[in-house]
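Asks: got a predicted structure here, sequence first:
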Amino acid sequence: MNKKVLFIPLIAFLILVSVFAVQLGRNQAGDDPTKLESVLIGKHVPQFRLEDLVEPGKLYNQDIFKGEPLLLNVWATWCPTCYAEHQYLNELAGDGVKIIGLNYKDQRDKAIQWLNELGNPYLISLFDGNGMLGLDLGVYGAPETFLIDANGVIRYRHVGDVNARNWSETLQPLYQQMLEEAKQ
(Lines give C-alpha, C1' and ligand atoms only; values in the text may rest on other atoms or scores of the structure.)
Protein backbone atom coordinates (compact mmCIF):
# COMPACT_ATOMS: atom_id res chain seq x y z
CA MET A 1 0.00 0.00 0.00
CA ASN A 2 1.22 3.47 -0.84
CA LYS A 3 2.45 5.34 2.27
CA LYS A 4 1.26 8.66 0.85
CA VAL A 5 -2.37 7.44 1.03
CA LEU A 6 -2.03 7.05 4.80
CA PHE A 7 -1.40 10.81 5.20
CA ILE A 8 -4.55 11.95 3.34
CA PRO A 9 -6.86 11.67 6.40
CA LEU A 10 -4.32 13.52 8.54
CA ILE A 11 -3.99 16.32 5.99
CA ALA A 12 -7.80 16.60 5.67
CA PHE A 13 -8.12 16.76 9.45
CA LEU A 14 -5.51 19.53 9.71
CA ILE A 15 -7.27 21.55 7.00
CA LEU A 16 -10.58 21.18 8.82
CA VAL A 17 -9.03 22.27 12.14
CA SER A 18 -7.53 25.31 10.40
CA VAL A 19 -10.90 26.33 8.97
CA PHE A 20 -12.55 26.04 12.39
CA ALA A 21 -9.74 28.02 14.04
CA VAL A 22 -10.13 30.85 11.53
CA GLN A 23 -13.90 30.98 12.08
CA LEU A 24 -13.52 30.99 15.86
CA GLY A 25 -10.92 33.72 15.61
CA ARG A 26 -13.42 35.96 13.86
CA ASN A 27 -15.54 36.03 17.02
CA GLN A 28 -13.00 37.89 19.13
CA ALA A 29 -13.38 38.31 22.87
CA GLY A 30 -15.93 40.98 23.66
CA ASP A 31 -18.01 40.45 20.50
CA ASP A 32 -21.73 40.29 21.11
CA PRO A 33 -22.99 36.88 19.92
CA THR A 34 -26.57 38.24 19.79
CA LYS A 35 -25.64 40.89 17.25
CA LEU A 36 -26.26 39.49 13.81
CA GLU A 37 -25.67 41.81 10.93
CA SER A 38 -28.67 42.43 8.75
CA VAL A 39 -28.67 43.50 5.12
CA LEU A 40 -31.87 45.40 5.93
CA ILE A 41 -30.25 47.93 8.27
CA GLY A 42 -30.85 51.31 6.68
CA LYS A 43 -33.61 49.97 4.43
CA HIS A 44 -37.39 50.11 4.63
CA VAL A 45 -39.37 47.26 6.13
CA PRO A 46 -40.07 44.82 3.28
CA GLN A 47 -43.47 45.02 1.63
CA PHE A 48 -46.04 42.66 3.11
CA ARG A 49 -49.72 42.10 3.59
CA LEU A 50 -50.61 40.24 6.79
CA GLU A 51 -53.70 39.66 8.88
CA ASP A 52 -54.20 40.94 12.38
CA LEU A 53 -53.60 38.14 14.88
CA VAL A 54 -56.82 38.72 16.80
CA GLU A 55 -59.02 39.93 13.93
CA PRO A 56 -58.65 37.61 10.92
CA GLY A 57 -59.50 39.46 7.74
CA LYS A 58 -58.16 42.78 9.00
CA LEU A 59 -55.07 43.38 6.86
CA TYR A 60 -51.98 45.47 7.42
CA ASN A 61 -49.05 46.40 5.23
CA GLN A 62 -45.66 48.08 5.72
CA ASP A 63 -47.31 51.49 6.13
CA ILE A 64 -47.98 50.69 9.82
CA PHE A 65 -44.28 51.33 10.42
CA LYS A 66 -44.46 54.97 9.33
CA GLY A 67 -45.19 57.96 11.53
CA GLU A 68 -43.35 57.20 14.76
CA PRO A 69 -40.38 55.14 15.94
CA LEU A 70 -41.22 51.71 17.27
CA LEU A 71 -40.05 48.21 17.97
CA LEU A 72 -41.04 45.19 15.90
CA ASN A 73 -40.90 42.16 18.18
CA VAL A 74 -40.87 38.71 16.56
CA TRP A 75 -42.33 36.15 18.97
CA ALA A 76 -44.06 32.77 19.20
CA THR A 77 -45.73 30.64 21.85
CA TRP A 78 -43.33 27.77 21.12
CA CYS A 79 -40.41 30.00 22.10
CA PRO A 80 -39.37 29.77 25.78
CA THR A 81 -37.19 32.89 25.52
CA CYS A 82 -40.22 34.82 24.23
CA TYR A 83 -42.04 33.82 27.40
CA ALA A 84 -39.10 35.07 29.47
CA GLU A 85 -39.07 38.48 27.74
CA HIS A 86 -42.85 39.01 27.61
CA GLN A 87 -43.26 40.61 31.04
CA TYR A 88 -40.51 43.11 30.26
CA LEU A 89 -42.22 44.01 26.97
CA ASN A 90 -45.41 44.68 28.96
CA GLU A 91 -43.41 47.04 31.20
CA LEU A 92 -41.93 48.86 28.20
CA ALA A 93 -45.37 49.27 26.64
CA GLY A 94 -46.64 50.60 29.97
CA ASP A 95 -43.83 53.18 29.85
CA GLY A 96 -45.00 54.35 26.43
CA VAL A 97 -42.68 52.39 24.16
CA LYS A 98 -44.50 51.61 20.90
CA ILE A 99 -44.26 47.91 19.99
CA ILE A 100 -45.71 45.96 17.09
CA GLY A 101 -45.75 42.19 17.48
CA LEU A 102 -45.06 39.69 14.73
CA ASN A 103 -46.41 36.29 15.74
CA TYR A 104 -44.04 34.00 13.84
CA LYS A 105 -44.81 30.47 12.56
CA ASP A 106 -47.33 29.90 15.31
CA GLN A 107 -50.90 28.75 15.88
CA ARG A 108 -53.30 31.65 16.03
CA ASP A 109 -55.48 30.28 18.85
CA LYS A 110 -52.46 29.59 21.09
CA ALA A 111 -51.05 33.06 20.39
CA ILE A 112 -54.35 34.78 21.25
CA GLN A 113 -54.63 32.76 24.47
CA TRP A 114 -51.00 33.73 25.33
CA LEU A 115 -51.79 37.46 24.97
CA ASN A 116 -55.03 37.12 26.93
CA GLU A 117 -53.23 35.39 29.82
CA LEU A 118 -49.89 37.24 29.86
CA GLY A 119 -50.96 40.69 28.69
CA ASN A 120 -50.66 42.34 25.32
CA PRO A 121 -47.82 44.86 24.91
CA TYR A 122 -48.46 45.28 21.18
CA LEU A 123 -50.20 48.17 19.43
CA ILE A 124 -50.78 45.78 16.53
CA SER A 125 -50.25 42.02 16.43
CA LEU A 126 -49.43 40.68 12.98
CA PHE A 127 -49.97 37.00 12.22
CA ASP A 128 -47.12 35.51 10.15
CA GLY A 129 -48.25 31.89 10.22
CA ASN A 130 -46.16 30.76 7.27
CA GLY A 131 -43.16 32.90 8.30
CA MET A 132 -42.83 34.78 5.01
CA LEU A 133 -42.36 38.24 6.53
CA GLY A 134 -39.95 36.73 9.02
CA LEU A 135 -38.04 35.24 6.10
CA ASP A 136 -37.98 38.60 4.32
CA LEU A 137 -36.63 40.19 7.51
CA GLY A 138 -33.91 37.55 7.78
CA VAL A 139 -35.25 36.18 11.06
CA TYR A 140 -33.31 33.19 12.37
CA GLY A 141 -35.81 32.45 15.11
CA ALA A 142 -37.73 34.07 17.89
CA PRO A 143 -37.32 36.35 19.68
CA GLU A 144 -35.82 39.05 17.53
CA THR A 145 -36.54 42.76 17.81
CA PHE A 146 -36.07 45.43 15.18
CA LEU A 147 -35.89 49.16 15.89
CA ILE A 148 -37.73 50.99 13.13
CA ASP A 149 -37.65 54.75 12.69
CA ALA A 150 -40.57 57.07 11.85
CA ASN A 151 -39.93 56.62 8.12
CA GLY A 152 -40.26 52.82 8.31
CA VAL A 153 -36.51 52.26 8.04
CA ILE A 154 -34.91 49.43 10.03
CA ARG A 155 -32.19 50.95 12.19
CA TYR A 156 -31.14 48.04 14.43
CA ARG A 157 -31.68 44.32 14.87
CA HIS A 158 -31.50 42.61 18.26
CA VAL A 159 -31.41 38.84 18.47
CA GLY A 160 -32.58 37.28 21.72
CA ASP A 161 -34.73 38.56 24.53
CA VAL A 162 -35.21 42.20 25.37
CA ASN A 163 -34.38 42.66 29.05
CA ALA A 164 -33.52 45.49 31.42
CA ARG A 165 -29.79 45.26 30.72
CA ASN A 166 -29.81 45.26 26.92
CA TRP A 167 -32.66 47.78 26.88
CA SER A 168 -30.77 50.33 28.98
CA GLU A 169 -27.36 49.69 27.42
CA THR A 170 -28.24 49.42 23.72
CA LEU A 171 -31.87 49.57 22.68
CA GLN A 172 -33.16 52.52 24.71
CA PRO A 173 -30.43 54.95 23.57
CA LEU A 174 -31.16 54.06 19.94
CA TYR A 175 -34.91 54.34 20.51
CA GLN A 176 -34.46 57.75 22.20
CA GLN A 177 -32.32 58.91 19.29
CA MET A 178 -35.03 57.89 16.84
CA LEU A 179 -37.68 59.72 18.91
CA GLU A 180 -35.60 62.90 18.86
CA GLU A 181 -34.98 62.60 15.12
CA ALA A 182 -38.73 62.21 14.55
CA LYS A 183 -39.37 65.54 16.30
CA GLN A 184 -37.09 67.42 13.89
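Replies: On my side now, so go ahead. Numbers count the residues shown, from 1 in each chain.

Asks: pLDDT weak spots in the protein?
Replies: In the predicted model, the chain carries pLDDT under 70 at residues 1-7, 10-38.

Asks: spell out for me which residue occupies the centre of the chain.
Replies: Residue closest to the average C-alpha location in the chain (C-alpha atoms, centre = their mean): residue 144, at 1.9 Å.

Asks: next one: that residue from residue 184, what distance?
Replies: 29 Å (C-beta to C-beta, to the nearest Å). In short, each C-beta sits where N, CA and C put it, glycine included.

Asks: what sits against the closest residue to residue 131 other than its chain neighbours?
Replies: Excluding the flanking residues, the one nearest residue 131 by C-beta to C-beta, 6 or more residues apart in numbering is residue 105, at 4.4 Å. Contacts for residue 105 (C-beta atoms under 8 Å, 6 or more residues apart in numbering) come out as 76, 78, 128-131, 134.

Asks: who's in contact with residue 132?
Replies: residue 48.

Asks: show me where this structure has helices.
Replies: 3-6, 8-26, 80-94, 108-118, 132-137, 164-166, 172-183 (DSSP state H).

Asks: export the ones you listed as CSV, with columns for distance to residue 51.
Replies: Putting those into CSV (distance: least, C-beta to C-beta, whole Å) gives the following:
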stretch, distance to residue 51
helix 3-6, 61
helix 8-26, 41
helix 80-94, 20
helix 108-118, 9
helix 132-137, 11
helix 164-166, 30
helix 172-183, 27
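
Asks: what's the closest of those to residue 59?
Replies: The minimum distance between residue 59 and those falls on helix 132-137, with 12.7 Å, by C-beta to C-beta.

Asks: and that closest one, which residues are buried?
Replies: 133-134, 137 (16 or more other C-beta atoms under 10 Å).

Asks: same deal with stretch 65-79?
Replies: By neighbour count with 16+ other C-beta under 10 Å, stretch 65-79 contains the buried residues 65, 69-77, 79.

Asks: repeat for stretch 156-163
Replies: By neighbour count on 16+ other C-beta under 10 Å, the buried set for stretch 156-163 is 156-162.

Asks: out of the residues you listed, which is nearest to residue 117?
Replies: Using C-beta to C-beta, these come closest to residue 117 at residue 161, 18.7 Å.

Asks: ignoring the adjacent residues along the chain, who's closest to that closest one?
Replies: Nearest to residue 161 is residue 85, by C-beta to C-beta, 6+ apart, at 3.6 Å.
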